[in-house]
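**Q** Below is the sequence, then the predicted model.
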Amino acid sequence: AVVSTQSTGILNYAENFRRQFVHLYRDRKPLFLAPPNEFNVEKLVCTTLRPTLLPYKELYDWDGAAQFVSDYLSYVPLELPNELPESLFSSTEVLRQQKGNCFDFSNLLCSLLLGAGYDAYCVCGYATKEVTLMDQSRSQCPLLKKKDAVQKEEGKVKENKYDVKPPRDLRSKYLIKMEERKIKEREDEEQRVKDAELARIAELEKPAPDELYGMRVHCWVLVLAGKREVPENFFIEPTTGNSVEPHEYLGIETLWNNTNYWVNMQDCSHGIGEMSYDLGDIARWEFMFPHNDKPLLMLPGEEEFDMPLDEEEEDVEEDSDMPGSWVDEIVIPLEDLQRRCPQGKKTILYKQAKYEIFAEYLMQDGMVSRLTEFADSALTQPVKSMEWFKHRVDKLETRETDLVTNKVTETFGAGRQRALRQHVYYSNQTGSEATRIMDFDHSARTDGLKAREETPAKLIENYCNRDDFLTKRLVNYTKRVKKFGPAEGNEKPVNQVTEFYSRDHSVPADDDIAELTFLLNEEKIFIKHHLQDQRIIASTHEYLKPQLSEDKGHVQITTDMVSSFQVERRAKTPKLMHIYQTIMNLIEKEDRCIENVRASEQEVRDVLEQRTQEELTTELSVSIYDTARNDTAKKRREEIERKKRDDEARREEMELDYLAPFLARIGDPAQMTADLAEQLKNDCLKDLTTRLVDMANLIQGRFEKETQQLQWKQNWYQQNQTTMTKEEEEEYVSYCSEAMFRIHILEERLNRHKELAPQKYVALESRLRNDNRLSEFLN
């Protein structure tokens, strides 16, 4: 009854405010103050907001909450685009129906933002036709905007004042200037043609004149700076879930949150971008309730002072206390949060783009969204596709496909086998002759492989943080010779392999290899060492691979097999034994290098085979905490519950069957006889007698122990009563009182046990005689 009285008082207060507003501003639209709810009961719009913080991290930030509201609800335009809606439903009813108009969208989103700590407001005003109809066919997809911004940021080159300056340009400045002028004229001409084409396209895409321009009612959300570290004010379009520029909206009538209601007193003829959103400025915003939480800005020449309120104003103050929200607590189950869209999927059309959203686990391949770019506005010529995945066992996260060049870029998450993070290939190329690039997580691999690029003629591998200081391996192939037979033996012939090493400062520069080249067809090995300090030329060595002699395969080494260039003049000429050992070591390195090349080729084939199998049989991982989808956990839980029920039933059966332990002693006979029945009866009665006697002895023993302790305490008191203090006497009296109480209880229990023992014996004997298994032989 108190709530009803308070609600009635606040409605009367709001009605009084509305009448004053209509009297002062007859040419303005009616205020959206107290529309009826789903129960046809008028409620103040401020009380329809229910600030709620849901236990999902996805809804804690404004962008996640806005995206959820736009995806979860189906948008229904206003019946009369230039009139306010006739009702405003609660957020719980909107979530139940999973549809609503712009006011329903804003009401739900504002409730979530207020619960998350944002300074959010519902805004009632006017917008363009595209915004009110949620028509985004002439707008660029937000994902493409973010992509363009990232590319521009990556394109910027950071200047470093410590970089080496380029050499002086000795060309004629006049010729350079003339060349730059020609280039500028050509670029200006290209830009002019491009601008003309864009203007022509914009003219063709320009919408028809709107008869209701500036009169279409709309509702959106305003977030003011301050709370949650928001740096500046911004608008959120709840129907799309995006942050929009002020020019999308044409005017503001009112705005409200869960504490107050404000009326805009500013001119909106030039848009809302230049408006002031200082709600404490009473010259620009007229608030309804006097308890405005915004600091007031007084008019020029007006002094702030306290005036005593008369009785009528005091009544107004009492009636203007904002009641709590009448809306039930907003609850969104986890299943609805994961499903997101009404039917689990949603399609949004943008300018030359189509964005599709899917619920998690809806698609068999784990796809959660897909963006398709088109070359035309009719969306008939796709040129690029971007797909996002979740919960894939193969860790696939994104797949970008260029439908013109057939270039495919796949990105994988951490934890994949072989630490593959990105795979770039062309879908129209297959086999070992295809061009592909693979990026790896070098920290998760034992060989430190960072990237591998493969073309029909080359194989390039980049390494990082290796113990042997290898940074790069470049392999050149010759044309494959066609052979008949299995393809495994027809490997690509290697022509040249070059390995690059970083500097090992523990070794002199003349002995530290920088480049090691194996010329397989020429039977040569070329070595280039690192530069010494203050040197511009490095030492080099060229070795000829020796030929095996005809007798016993011995190797013949001569000094002619080495061609060297030494930077230091004082360098000693190597001896023949040193040349022999060096050539043998290089031949072993060459063999290991070829083995590594073949192992890399085999790894590429294994990755391709694995990817083919993964795409044919896609598997999705389910968290152990997702009990609704995890079949393994569900079966395990059901098995545990079944065992628990069986154990409880068995325990109850054991407790009810008093003959079970005695039957177990004699082996659970299948057929009962008279002797066995008599034996069971005697055993049961004997067991009962033993337990009754033991219980009587236990009670008797405790009774005698308590009596002895009390007697000893009394004797002690008789001996020491003359020297005892007052505290010791009180402690003695308290002990005696407790001991007498325990002795009395034990005496009562012993007497009762003696009375009930014969009755229990007779009851058990009668129960044994009436037992279905023994009655035939005992009666």
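**A** Looks like it arrived, so ask away. Everything numeric in this text was worked out from a predicted model, so none of it was measured.

**Q** ok, Ala414 touching Leu420?
**A** No: using Cβ atoms under 8 Å, Ala414 makes no contact with Leu420, being 10.4 Å away. From N, CA and C alone the C-beta is placed, and that goes for glycine too.

**Q** any idea how far Thr398 is from His423?
**A** 11 Å (Cβ to Cβ, to the nearest Å).

**Q** which residues are common contacts for those two?
**A** With contacts taken as Cβ atoms under 8 Å, 6 or more residues apart in numbering, Thr398 and His423 have Thr409, Glu410 as neighbours in common.

**Q** Which one's more surrounded, the two?
**A** For Thr398 and His423, the more surrounded residue by other Cβ atoms under 10 Å is His423, and the numbers stand at 19 against 15.

**Q** Run me through the strand neighbours of the helix or strand hosting that one, direction for each.
**A** For His423, the enclosing helix or strand under DSSP states H and E is strand 420-426. Each strand that strand 420-426 pairs with, and the sense of that pairing, follows from DSSP bridges: strand 407-412 (antiparallel), strand 436-440 (antiparallel).

**Q** looking only at pLDDT, what's the mean for the first one?
**A** Along strand 407-412, the predicted local confidence has a mean pLDDT of 94.

**Q** swap in stretch 593-613?
**A** Model confidence over stretch 593-613, given as mean pLDDT, is 92.

**Q** Could you do stretch 173-183 as well?
**A** If you average the pLDDT values across stretch 173-183, you get 91.

**Q** What does Cys110 show for phi and psi?
**A** Main-chain dihedrals, Cys110, degrees, to the nearest 10: phi -60, psi -40.

**Q** Do I have it right that it meets Asn257?
**A** Yes: the pair Cys110 / Asn257 is scored as a contact, 7.0 Å apart, by Cβ under 8 Å.

**Q** rewinding a little: right, and the strands paired with strand 420-426 - which one's nearest Leu73?
**A** Among these, strand 407-412 comes nearest to Leu73, with 31.3 Å by Cβ to Cβ.

**Q** What are the contacting residues of the closest one?
**A** Counting by Cβ under 8 Å, 6+ apart, residues outside strand 407-412 touching it are 394-402, 420-427.

**Q** Show the average pLDDT along the helix or strand Lys705 falls within.
**A** Per DSSP H and E: Lys705 is located in helix 674-720. The predicted model gives helix 674-720 an average pLDDT of 89.

**Q** Which other helices and strands does it contact?
**A** helix 660-665, helix 726-770, helix 775-778 (3 or more Cβ pairs under 8 Å, 6 or more residues apart in numbering; DSSP states H and E).

**Q** roughly how far is that helix from the heart of the chain?
**A** Here helix 674-720 shows a centroid-to-chain-centroid distance of 67 Å under the convention Cα atoms, centre = their mean, to the nearest Å.

**Q** just to revisit the earlier point, only C-alpha atoms, please: export the strand holding His423 in CSV.
**A** Provided in CSV are the C-alpha atoms of strand 420-426 (Å, rounded to 0.1, in the frame of the first residue of the first chain):
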residue,chain,number,x,y,z
LEU,A,420,51.3,-23.2,-36.1
ARG,A,421,49.8,-19.7,-35.7
GLN,A,422,49.1,-18.6,-39.3
HIS,A,423,48.8,-20.3,-42.7
VAL,A,424,48.6,-18.4,-46.0
TYR,A,425,48.0,-20.3,-49.2
TYR,A,426,46.1,-20.2,-52.5
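
**Q** So what touches that strand?
**A** Contacts made with strand 420-426 from outside it, assessed by Cβ under 8 Å, 6+ apart, are listed as 405-412, 414, 434-441, 607, 611.

**Q** rerun at 6 Å
**A** Surrounding strand 420-426, the residues in contact under the criterion Cβ atoms under 6 Å, 6 or more residues apart in numbering are 406-412, 436-441.

**Q** Check which residues of it are buried.
**A** By neighbour count with 16 or more other Cβ atoms under 10 Å, strand 420-426 contains the buried residues Leu420, Arg421, Gln422, His423, Val424, Tyr425.

**Q** Could you dump the residues you listed into TSV with distance to Leu379 and pLDDT added?
**A** Shown next, in TSV, are the buried residues of strand 420-426 (distance: Cβ to Cβ, whole Å; pLDDT from 0 to 100):
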residue	distance to Leu379	pLDDT
Leu420	34	94
Arg421	33	94
Gln422	29	95
His423	29	95
Val424	27	94
Tyr425	27	93
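
**Q** Quick check: the farthest pair among the residues you listed?
**A** Arg421 and Tyr425 (14.4 Å).

**Q** what pairs with the residue nearest to Glu400 when sequence neighbours are not counted across the strands?
**A** The shortest distance from Glu400 to any residue other than its chain neighbours is 4.4 Å, reached at Thr409 (Cβ to Cβ, 6 or more residues apart in numbering). Here Thr409 sits in beta bridges with Glu400, Val424, going by DSSP bridges.

**Q** how close does Thr409 get to Arg399?
**A** Distance, Thr409 to Arg399, by Cβ to Cβ: 7 Å.

**Q** For these two, indicate the residue with more neighbours.
**A** Between Thr409 and Arg399, counting by other Cβ under 10 Å, Arg399 is the more crowded of the two (18 against 15).

**Q** Let me see the contact set for that one.
**A** Applying Cβ under 6 Å, 6+ apart, the residues near Arg399 are Glu387, Glu410.
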